[in-house]
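Peer 1: Turn this into a structure:
(one chain, ligands or ions: 4)
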Amino acid sequence: MKNYELAKIFDEMGDILDFLGENPFRVRTYKRASQIIYGLSDDIEILFKSGKLAEIKGIGESILSKVEEFLKTGKIHNYEELKAKVPQGILELLNIPGIGPKGLKALYDNLHITNFDELIKACEDKLVQKLPGFGPKKEENILKGLLRTKEAVFRFPIGLVYEDVLNLLERVREIKGVKRAEVAGSFRRMKETIGDADIEVSGEDGAGIIKNFTQLDGIKEIISEGDTKGSVILHNGLQVDIRVVESGSFGACLQYFTGSKEHNVKLRGIAKEKGFKINEYGIFKGDKFIAGENEEDIYKTLGLIWIPPELREDKGEIELAQAGELEDILKELIDYDDIKGDVHCHSSYSDGGETIIAMAISAKRLGYEYIVITDHSQSLKIAKGLEIERLYKQWEEIDKINKSGELGNFKIFKGTEVDIKSDGALDYPDDVLKNIDFVIASIHSGFRESEQVITKRIIRAMENPYVTAIGHPTGRILNTRDPYNVNLIEIFKKAKETNTFLEINAYFDRLDLNDVNVRIAKEYGVKFVIGTDSHNTSQLKNIRFGIGQARRAMLIKGDVVNTHPLAEFEREIKNKRGAIC
Ligand code: DGT
Ligand code: CA
Ligand code: CA
Ligand code: ZN
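Peer 2: Numbering: from 1, shown residues only. Ligands and ions are numbered 1, 2, ... in the order given. The predicted model follows:
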């Protein structure tokens, strides 16, 4: 997929135009297009060819023609021209918190700064604080940001590379001589970010298989290739490692390279106690090969049942298996086809790119029984939040579609993603909220408030009888924004007490709550909903990343409210109101 490359190009074009002081409207066009393309879960090439890309709000003629040019030629002429107008490396500085295009311009004009090292030096020499709009405090923060960013290792949000890796796997399976092939590593464990992808293969003629692998489409660079192992870099920048073993070792290899390291260390300890040895070729007693073809056999030899990859983090899964308690949990563990409806979706009423009916039809195609449309509320102007009048219009439209019968038994619920304001009040009055089926309350402003203030805001929102769920409870955005300061334990207690659900936001940049927090929340008796926060139909598929986090937290179906079929879901979302009102 060329999505990520294109998103990066448009983002950079926006930055350059901004740096050059061009029309803000043009800057926004590129920035918006970048965000939309970044968030597409379908291949942009396919969307372009089918004409669907053109239908998405925010993708205009000028963007379309550039997409077309890139797909045809691998280049965008206009982008190359723009790049030539700014010093190389300077735009990377925009990733430092506290530096925007205007500030960057000031640094360039006054101090001739063009890269990381020059800016670090200028901060250390205390030159930056003298510029208008900077000051000592800001200089200190910029320096901190510079040092932190320089050291940080970029990890890919899993959703950004998911389709690419699966496509690659399919093509590996087609290589002559390949018997079995699977992706292992953090990808298979559904971690929120992945460092690299690991593909394990069984077959004969390892050297031939690896040679063929390195010739596949989408590979930018070959790092190494040998008889049993190879490493490449894809066009999107992701490293992929491949290993080939004989059929009899495939399961052992998959188990070994799925990790996690911690899980495997504990497993090896158990093996040792029982007189076995495990490596990537099999499980052995002395020199005698016992098993290796299938993962199950490795676990079975150690007296354990097979453990799903998402659980393999040495967070108690092995002890549960040893005690014979894991089996019952696995019967109920939430699975990828258990979700019956999406509870967090935006439409073109606010900042979504598609109509309500388009979102609903796509949701129905996924096999869902319902969808909740949750557009932004009136104060969130930047996301075209709905004034109350517009909200009423939206209700009319939803009622009309539901009554028309065109979607059969599928139901569209009236929802909102209502802003939690600075004092914890909600952005619509109660007599509006009470007519909304599903109210998600979220924080979209004041991220820098103290822990006490933010915690209080969310708690006050949960005390409102009409608030069904809290959206993306920590506000973090992977590689972009840290979680705000919030006392999650207080939130979990209150959620349980008020019967307010917490969201596992499945949008791949958010995954919020994440696996670790979900696990703790469950101990407090919290119930969850998984929502994709989709802004177009292609994003509905992101649900799998939310489910992945839920599985990593060992949630069972009953913990997640939108695993319930329509009638039961409807009952569940009325529970809180029944209890409090
Ligand atoms: P990542 O790529 O950073 O997102 O995380 P992983 O878990 O995919 O790690 P990676 O790619 O370095 O290695 C894949 C798995 O292989 C890892 O989870 C455990 C296993 N593994 C790799 N190298 C070693 C090793 O030297 N010793 C042990 N015990 N296990 C290893
Ligand atoms: Ca890996
Ligand atoms: Ca690796
Ligand atoms: Zn939100």
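Peer 1: which residues touch the nearest residue to S442 once chain neighbours are set aside?
Peer 2: Excluding the flanking residues, the one nearest S442 by CB to CB, 6 or more residues apart in numbering is G471, at 3.5 Å. Where you see a C-beta, it was placed from the backbone N, CA and C, and this is true even at glycine. Shown in contact with G471 (CB atoms under 8 Å, 6 or more residues apart in numbering): 344, 417, 440-442, 503, 505, 531, 533.
Peer 1: One more: D419?
Peer 2: Contacts for D419 (CB under 8 Å, 6+ apart) come out as 376-377, 379-380, 385, 426-427, 441-445.
Peer 1: Looking at the stretch 251-400 of the chain, which residue is nearest ligand 3?
Peer 2: F257 (7.4 Å; CB to the ion).
Peer 1: Relative to R481, how far out is that residue?
Peer 2: 32 Å (CB to CB, to the nearest Å).
Peer 1: Pull out the buried residues from stretch 293-312.
Peer 2: With burial defined by 16 or more other CB atoms under 10 Å, the residues of stretch 293-312 counted as buried are 293-295, 297-299, 301-302, 304, 306-312.
Peer 1: measure that stretch end to end?
Peer 2: Separation of the first and last residues of stretch 293-312 by CA to CA, to the nearest Å is 20 Å.
Peer 1: So F257 and R481 - more neighbours on which side?
Peer 2: Legend: neighbour count by other CB atoms under 10 Å for F257 and R481, higher for F257 (19 against 14).
Peer 1: secondary structure class for the more buried one?
Peer 2: helix (DSSP: H, G, I helix; E, B strand; the rest coil).
Peer 1: How about it: what's its closest non-neighbour residue?
Peer 2: A184 (4.0 Å).
Peer 1: What pLDDT is listed against G145?
Peer 2: On pLDDT, G145 comes in at 88.
Peer 1: Over to E140?
Peer 2: 92.
Peer 1: Run through the residues that contact the residue nearest to it when sequence neighbours are not counted.
Peer 2: Spatial nearest neighbour of E140, chain neighbours left out: C123 (7.9 Å); criterion: CB to CB, 6+ apart. Counting by CB under 8 Å, 6+ apart, C123 makes contact with 139-140, 142-143, 146.
Peer 1: Counting neighbours, which of the residues you listed comes out on top?
Peer 2: Most surrounded of the contacts of C123: other CB under 10 Å gives I142, at 24 neighbours.
Peer 1: What are the neighbouring residues in contact with it?
Peer 2: With CB under 8 Å, 6+ apart, I142 has these contacts: 96-99, 119, 123, 128.
Peer 1: Grab the nearest non-local neighbour of V560.
Peer 2: Using CB to CB, 6+ apart, the closest residue to V560 is F528 (5.1 Å).
Peer 1: which phi and psi does that neighbour have?
Peer 2: phi -120, psi 160 (degrees, to the nearest 10).
Peer 1: any idea how far ligand 3 is from it?
Peer 2: To ligand 3, F528 is 31 Å away according to CB to the ion, to the nearest Å.
Peer 1: Tell me the pLDDT of that residue.
Peer 2: 98.
Peer 1: Those residues of this structure touching ligand 1, which are they?
Peer 2: 185-186, 194-196, 198, 256-257, 259-261, 264 (CB under 6 Å from any ligand atom).
Peer 1: remind me which residues of the stretch 101-250 of the chain are low pLDDT?
Peer 2: Along the stretch 101-250 of the chain, the model assigns pLDDT under 70 to no residue.
Peer 1: what about stretch 138-155, distance to the chain center?
Peer 2: Relative to the centre of its chain, stretch 138-155 is centred 23 Å away, using CA atoms, centre = their mean, to the nearest Å.
Peer 1: So for stretch 226-238, what gets flagged as buried?
Peer 2: Neighbour-count burial for stretch 226-238 flags 230-232, 234-236, 238 (criterion: 16+ other CB under 10 Å).
Peer 1: Determine the number of other residues adjacent to the residue of the stretch 51-200 of the chain found nearest ligand 2.
Peer 2: Here the residue of the stretch 51-200 of the chain nearest ligand 2 is G185; by CB to the ion that distance is 3.2 Å. Using other CB under 10 Å, G185 has 20 other residues around it.
Peer 1: Isn't it up against K261?
Peer 2: No: assessed by CB atoms under 8 Å, G185 is found out of contact with K261, at 10.5 Å.
Peer 1: which residue is nearest the centroid of this structure?
Peer 2: F508 (1.0 Å; CA atoms, centre = their mean).
Peer 1: Would you agree it falls within a strand?
Peer 2: No: going by three-state DSSP, the assignment for F508 is coil, not a strand.
Peer 1: what sits against it?
Peer 2: 157-160, 162, 478, 542, 545.
Peer 1: Now tabulate those in TSV and tack on distance to ligand 2, neighbour count and secondary structure.
Peer 2: TSV is the format used below for the contacts of F508 (distance: CB to the ion, whole Å; neighbours: other CB atoms under 10 Å; DSSP: H, G, I helix; E, B strand; the rest coil):
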residue	distance to ligand 2	neighbour count	secondary structure
P157	14	21	strand
I158	11	23	helix
G159	16	24	helix
L160	15	24	helix
Y162	14	24	helix
L478	17	20	coil
N542	21	26	helix
F545	17	26	helix
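Peer 1: so which of those residues comes closest to ligand 3?
Peer 2: I158 (14.3 Å).
Peer 1: Show the contacting residues for that closest one.
Peer 2: By CB under 8 Å, 6+ apart, the neighbours of I158 are 186-187, 190-194, 508, 545, 548.
Peer 1: What about the buried residues of stretch 293-312, which are in helices?
Peer 2: Those of those mapping onto helices are 295, 297-299, 301, per DSSP state H.
Peer 1: Can I get the residues you listed in TSV including pLDDT?
Peer 2: Output for those, formatted as TSV (pLDDT from 0 to 100):
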residue	pLDDT
E295	97
D297	97
I298	97
Y299	98
T301	97
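Peer 1: With distance to ligand 3 added, can I get these in a markdown table?
Peer 2: What follows is these, written out as a markdown table (distance: CB to the ion, whole Å):
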| residue | distance to ligand 3 |
| --- | --- |
| E295 | 18 |
| D297 | 24 |
| I298 | 20 |
| Y299 | 22 |
| T301 | 26 |
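Peer 1: Same list, the contacts of I158, but as CSV with distance to E204 please.
Peer 2: Output for those, formatted as CSV (distance: CB to CB, whole Å):
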residue, distance to E204
S186, 29
F187, 26
M190, 31
K191, 32
E192, 37
T193, 35
I194, 29
F508, 37
F545, 36
G548, 34
